[in-house]
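1. Here is my input; please provide its structure:
(chains A and B)
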Protein chains: 2
Amino acid sequence: MASEFDLIARYFTRAAPAGLLGVGDDCALFPVPPGEQVATSTDLLLEGRHFFPDVDPRALGHKALAVNLSDLAAMGARPIGCVLGLALPRLDEAWLAAFAQGFHDLAGLHGCPLIGGDTTRSAHDLAISVTVFGAVPAGQALRRDGAQAGDDIWVSGELGAADVAYRLLDGQYPADASLLAATRAALEWPQPQVALGLALRGIAHAAIDLSDGLLQDLGHILTASRVGASLEEARMPAAAALASLDEDKRRRAVLGGGDVYQLCFTAPTSKRDAVQAAASTAGARVTRIGQTLTQPGLAVRDANGQPLAALPAGFDHFPGPT
Amino acid sequence: MASEFDLIARYFTRAAPAGLLGVGDDCALFPVPPGEQVATSTDLLLEGRHFFPDVDPRALGHKALAVNLSDLAAMGARPIGCVLGLALPRLDEAWLAAFAQGFHDLAGLHGCPLIGGDTTRSAHDLAISVTVFGAVPAGQALRRDGAQAGDDIWVSGELGAADVAYRLLDGQYPADASLLAATRAALEWPQPQVALGLALRGIAHAAIDLSDGLLQDLGHILTASRVGASLEEARMPAAAALASLDEDKRRRAVLGGGDVYQLCFTAPTSKRDAVQAAASTAGARVTRIGQTLTQPGLAVRDANGQPLAALPAGFDHFPGPT
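-> Predicted coordinates:
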């Protein structure tokens, strides 16, 4: 039935690249190279829970895809395409055009075209579902369960800025315009580390993205791989903007802060040069922050080599109503 | 971070079949047979818009997957797996267990295991996103644009019951317990025609599922294939329960009623026996209801061969707030 929601679909309908059947049939179709597997991830994002209602819609379109591309990155998968479900409480064409722009810009950057979708009207909440598809040669996916005791532990990029921006916007920290200006892009415009994930195939033993914070996400690798870890706080690549914060806030942001969408991965010590070369190829910065151990558990050592007595819990941004 | 929503995930986490990496990593992984393409479809279902708030949760779990499997069926794709996003305004374990049961039962029936997902809390609405993946040999997908002038037009199953059940439950039709009892399963427990879609590969020229009603969905085939059609009302496989309705209501249900999830397809007249054999293999009933024509347009002829002066519009169930 023709409706205003047909209008919405137009913002998201672009010609599908050769070989892909895009929006306009019961299903989208895409080929997978021989010997490769499909990697897929899905996220359901809700206003108030995963983003602020007044967020820049272009940033929201970017981030809705970015968080899913980050999952492909963490598996070492090459993006193929994505589908989008969008439930809108009202029709706002300017909002929609900006959202679509942010989404398509990032999709274009990573060769991940929108090939299908579903738009509808919601009674209250804005809801966004994104499912991405990628390809990875069989046996080469960067899984969580491949870490071995004695591996180096690495992270890409910088840590902590998104957490600080979130707490400033949420009113948990006193207003600080310059601190917000220095941290906000990390929260609203995360850059998925797709190229780094691809470059780490055959080098990294295990990888994960830091959506829930370093300690919690590294914990998933340790549990799945049945190893422990020791991290050195002094090595952490904290965002420069965090220098003005007190130690507790900085620690909370760097070790516990979520919404980072950088990669944490382990690799054998024999591969240090290979890791640096892969990062260089991908245009990414990587930092070695500790090692995996045979004995279970996770310790963070301060500058004096003493384990921190208390570790910040993983922080669930936008915890929503309770 | 451990939360009550980890609990929710447990209802949906089952061991992934061999060859598939299921929930518990950044992405799910699945192989695709050489020479086959991936078919994918996504739907975002919202309380109040796509289902009544008091619907049986087991039926809802069934239908959330069924509407997506129906898209695979309409492409002639064999199901591989699916991912689920679930946003819940509150935690109700009995509700959740029943929803998961309905979902998993249908997934098991069609070999379409849940391999990934995302659960979260919503502020107001219950939202369900499902994305399915299937495989179809390259070039064998049943698309919308393959109909040729002179094809027979077929539908599977019966028409109209879901529309009547919806209007009874919505209060548009006066309460009628026996009519509701005879039509409700069609609305709440649609059976996707996956086996029929597979059996029609190489036989049907074009196919679509009837989520939006016969005339509207057949219209999509006609537009994409640049042909017209003439249908015979007397041939329509109306559900037996509709016999007690007046002509207008029956016509509206049969020609315009949505939520059917049967297949409408075209095939050359030379393939009538092959179509019947395919239906027999799939355990499905199929009915020949008309023919495609060179000249554009869509006419429905009554028992006297006269075109109906007015056709019911496609009906958008659960149109939501306006």
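2. List the buried residues for stretch A:186-200?
-> In terms of neighbour count (16 or more other C-beta atoms under 10 Å in any protein chain shown), stretch A:186-200 has its buried residues at A:186-188, A:190-200. Where you see a C-beta, it was placed from the backbone N, CA and C, and this is true even at glycine.
3. Near chain B, which residues of the stretch 51-200 of chain A are found?
-> Contacts of the stretch 51-200 of chain A with chain B, taken as C-beta under 8 Å from any C-beta of the partner chain, map to A:70-72, A:74-75, A:77, A:83-87, A:115-118, A:120-125, A:127, A:129, A:131, A:133-134, A:136, A:138, A:141, A:143-145.
4. In helices, which of the residues you listed fall?
-> Among these, DSSP state H puts A:Ser70, A:Asp71, A:Leu72, A:Ala74, A:Met75 in helices.
5. ok so, going back, out of the residues of the stretch 51-200 of chain A next to chain B, which are buried?
-> Buried members of those, scored by 16+ other C-beta under 10 Å, are A:70-72, A:74-75, A:77, A:83-87, A:115-118, A:120-122, A:124-125, A:127, A:129, A:131, A:133-134, A:136, A:141, A:143-144.
6. give the contact list for the residue positioned nearest the centre of chain A.
-> Nearest to the mean C-alpha position of chain A, counting by C-alpha atoms, centre = their mean, stands A:Tyr261 at 2.9 Å. Residues counted as contacts of A:Tyr261 (C-beta atoms under 8 Å, 6 or more residues apart in numbering or on different chains) are A:Ala66, A:Val67, A:Ser70, A:Pro190, A:Gln191, A:Pro192, A:Gln193, A:Asp209, A:Leu210, A:Ser211.
7. From those residues, which land in helices?
-> Within these, residues falling in helices by DSSP H are A:Ala66, A:Val67, A:Ser70.
8. isn't the last one right up against A:Ser211?
-> Yes: the pair A:Ser70 and A:Ser211 qualifies as a contact (C-beta atoms under 8 Å) at a distance of 6.9 Å.
9. measure the residue nearest to the centre of chain A to chain B for me?
-> Counting by C-beta to the nearest C-beta, to the nearest Å, the gap from A:Tyr261 to chain B is 11 Å.
10. And A:Ile221, by the same measure?
-> From A:Ile221 across to chain B, the span is 10 Å (C-beta to the nearest C-beta).
11. quick revisit: Serialize the buried residues of stretch A:186-200 to a markdown table and add fields for pLDDT.
-> Below are the buried residues of stretch A:186-200 laid out as a markdown table (pLDDT from 0 to 100):
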| residue | pLDDT |
| --- | --- |
| A:Ala186 | 96 |
| A:Leu187 | 96 |
| A:Glu188 | 96 |
| A:Pro190 | 96 |
| A:Gln191 | 97 |
| A:Pro192 | 97 |
| A:Gln193 | 98 |
| A:Val194 | 98 |
| A:Ala195 | 98 |
| A:Leu196 | 98 |
| A:Gly197 | 98 |
| A:Leu198 | 98 |
| A:Ala199 | 98 |
| A:Leu200 | 98 |
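12. What about these, which are in strands?
-> Using DSSP state E, no member of those falls within strands.
13. residues contacting A:Gln37?
-> Contacts of A:Gln37 were listed using C-beta under 8 Å, 6+ apart, and they are A:Ala135, A:Val136, A:Pro137, A:Ala138, A:Ala141, B:Leu29, B:Phe30, B:Pro31, B:Val32.
14. Can you flag which of those residues belong to strands?
-> Using DSSP E, the subset of those located in strands is A:Ala135, A:Val136, A:Pro137, B:Leu29, B:Phe30, B:Pro31.
15. How about the fourth one, nearest residue that isn't a chain neighbour?
-> What it means is B:Leu29. Of all residues not flanking B:Leu29 in the chain, B:Leu21 sits nearest, at 3.9 Å (C-beta to C-beta, 6 or more residues apart in numbering or on different chains).
16. in what helix or strand does A:His287 lie?
-> Residue A:287: Thr, not His. Assigned by DSSP states H and E, A:Thr287 belongs to strand A:286-293.
17. typed the wrong thing, it's A:Ala207
-> strand A:206-209.
18. list the helices and strands that strand packs on?
-> In this structure, strand A:206-209 makes packing contacts with helix A:57-75, helix A:214-225, strand A:263-267, judged by 3 or more C-beta pairs under 8 Å, 6 or more residues apart in numbering or on different chains; DSSP states H and E.
19. any idea of the angle the last one forms with strand A:286-293?
-> For strand A:263-267 against strand A:286-293, the angle between stretch directions is 60 degrees (axes from the mean of the first three to the mean of the last three C-alpha atoms, to 10 degrees).
20. With the second one instead?
-> Helix A:214-225 and strand A:286-293 are oriented at 50 degrees to each other (the same axes, to 10 degrees).
21. Moving C-terminal from helix A:214-225, which element do we reach first?
-> Of the helices and strands lying after helix A:214-225 in sequence (DSSP H and E), the nearest is strand A:228-232.
22. Using CSV, write out every CA atom in the next helix or strand after that following strand.
-> With elements assigned by DSSP H and E, the helix or strand that comes after strand A:228-232 is helix A:247-251. C-alpha atoms of helix A:247-251 as CSV (Å, rounded to 0.1, in the frame of the first residue of the first chain):
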residue,chain,number,x,y,z
GLU,A,247,42.9,9.1,38.6
ASP,A,248,39.5,7.4,39.4
LYS,A,249,37.7,8.9,36.5
ARG,A,250,40.6,8.2,34.1
ARG,A,251,40.9,4.6,35.3
